[in-house]
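In: prediction below, plus the sequence it came from.
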Amino acid sequence: MPKVFIEKTNETRKVEAATMKEILQKLNINAEEVLTIKNNELVTLETKVTEKDSIKLLSVISGG
Amino acid sequence: MPSQAYNIKTISIVGLGTLGSEIAKQLARCNYNLKLIDFDEVESRNIKIQALYNKADIGKQKAEVAEKRLKKINKIISIQSFPEKLTSKNTAILKADLVIDCTDNLTARFLMSDFCYNRIPLLHTAAFKDLATFYLMLPNNPCLNCIYASNIDINGCRQSNINPLTAARMADLAIKQIKNLPHNQQEEKLLRLNIKNNTIEKIKISRSCKRCLKSL
């Protein structure tokens, strides 16, 4: 199970998932609200993940 | 891609809130000509955290007040104000050697990204409390559509103030990037700053939108 860091809540959770899309679905997070990062690279929702990957969900911020 | 030489003399700044006013102030001090674009008026809640305004400015156009203030800081540069909302019909006002995005919404950001795409550099900035995002979109780099899935606005500055320290750090970064532009190695990285933790993460960006994939 990949470990996922969720920036918004500042927590790390283990999630049983094979893709970024599944991670978001299981955590009930809207894809438009986060940047999906795998090993320091922005990736698409279709990207496959394993427990060896470092996964981060960074909040989209838009203030200026 | 071959490296490209940039000669930055005139810079358009879109959005003159916490980030935009701080960045404009520093650029004026560094002798860049400026085009200031913002349709908003100064509000009382802006005074404490936005570098260019005071109480007497409440109700006035930010772009015009900023022009006046910056001309007092540096008399020799050219400063033009555009108190207009950026729309698909007036993107020509962006024309400059570099555009800096300091807006609070993704709709305006996508307009800038489209205008600058494969033409001129766009410096994208965004902030929320202690967090900030910084990305230099050079003509051959992935565009903002490769980063953001849609134009919904999650947490614009209207919902929560930006830490002025975040704005100061972003202005410092912007100046360094602009000064370094002639030698920039076209690093396709988005920077994520956390002022509270004093960290900067570098995130690799790849072409993923239809337009950028087509241009490969």
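Out: It's in. Please read all numbers here as calculations on a predicted model, not as lab measurements.

In: next, give phi and psi for the residue positioned nearest the centre of chain A.
Out: Residue closest to the average C-alpha location in chain A (Cα atoms, centre = their mean): residue A:57, at 3.8 Å. The phi and psi values for residue A:57, taken as degrees, to the nearest 10, are phi -110, psi 100.

In: tell me how far it lies from chain B.
Out: Distance from residue A:57 to chain B, counting by Cβ to the nearest Cβ, to the nearest Å: 12 Å. Every residue, glycine included, has its C-beta placed from N, CA and C.

In: pLDDT at that residue, what is it?
Out: We have a pLDDT of 97 for residue A:57.

In: now do the same end-to-end measure for stretch B:44-51.
Out: This stretch, stretch B:44-51, spans 13 Å end to end (Cα to Cα, to the nearest Å).

In: list the buried residues of it.
Out: Along stretch B:44-51, these residues count as buried under the neighbour rule (16 or more other Cβ atoms under 10 Å in any protein chain shown): B:46, B:49-51.

In: now do the contacts for the residue nearest to the centre of chain A.
Out: Residues in contact with residue A:57 (Cβ atoms under 8 Å, 6 or more residues apart in numbering or on different chains) are A:4-8, A:23-24, A:27, A:29, A:34-37.

In: any idea what it is bridged to?
Out: Taking DSSP bridges, one finds residue A:6, residue A:36 as the beta-bridge partners of residue A:57.

In: how about the biggest helix by length in chain B, does it reach chain A?
Out: Counting residues, the longest helix found in chain B (DSSP state H) is helix B:164-180. No. With Cβ under 8 Å from any Cβ of the partner chain as the criterion, chain A is not reached by helix B:164-180; the gap is at least 9.4 Å.

In: adjacent strands (with direction) for the helix or strand immediately after that helix in the chain?
Out: Sequence order places strand B:189-194 as the next helix or strand after helix B:164-180, per DSSP states H and E. Applying DSSP bridges to the sheet, strand B:189-194 is found paired with strand B:131-137 (antiparallel), strand B:199-204 (antiparallel).

In: burial count for residue 28?
Out: Since you didn't name a chain, this refers to chain A. 6 (other Cβ atoms under 10 Å in any protein chain shown).

In: should've been chain B
Out: If you count neighbours by other Cβ under 10 Å, residue B:28 ends up with 21.

In: list phi and psi for it.
Out: phi -60, psi -40.

In: residue B:81 now?
Out: Per-residue torsions, residue B:81: phi -110, psi 140 (degrees, to the nearest 10).

In: residues in contact with it?
Out: Applying Cβ under 8 Å, 6+ apart to residue B:81 gives the contacts B:36, B:61, B:63-64, B:66-67.

In: between those residues, which is nearest residue B:112?
Out: In terms of Cβ to Cβ, no member of those lies closer to residue B:112 than residue B:36, at 14.5 Å.

In: quick one: what helix or strand has that closest one in it?
Out: strand B:33-37.

In: what's that strand packed up against?
Out: Here strand B:33-37 touches strand B:10-14, helix B:18-29, helix B:62-73, strand B:79-82, going by 3 or more Cβ pairs under 8 Å, 6 or more residues apart in numbering or on different chains; DSSP states H and E.

In: list the buried residues in the second one.
Out: Pointing back at helix B:18-29 there. Here helix B:18-29 shows B:18-28 as buried, counting by 16+ other Cβ under 10 Å.
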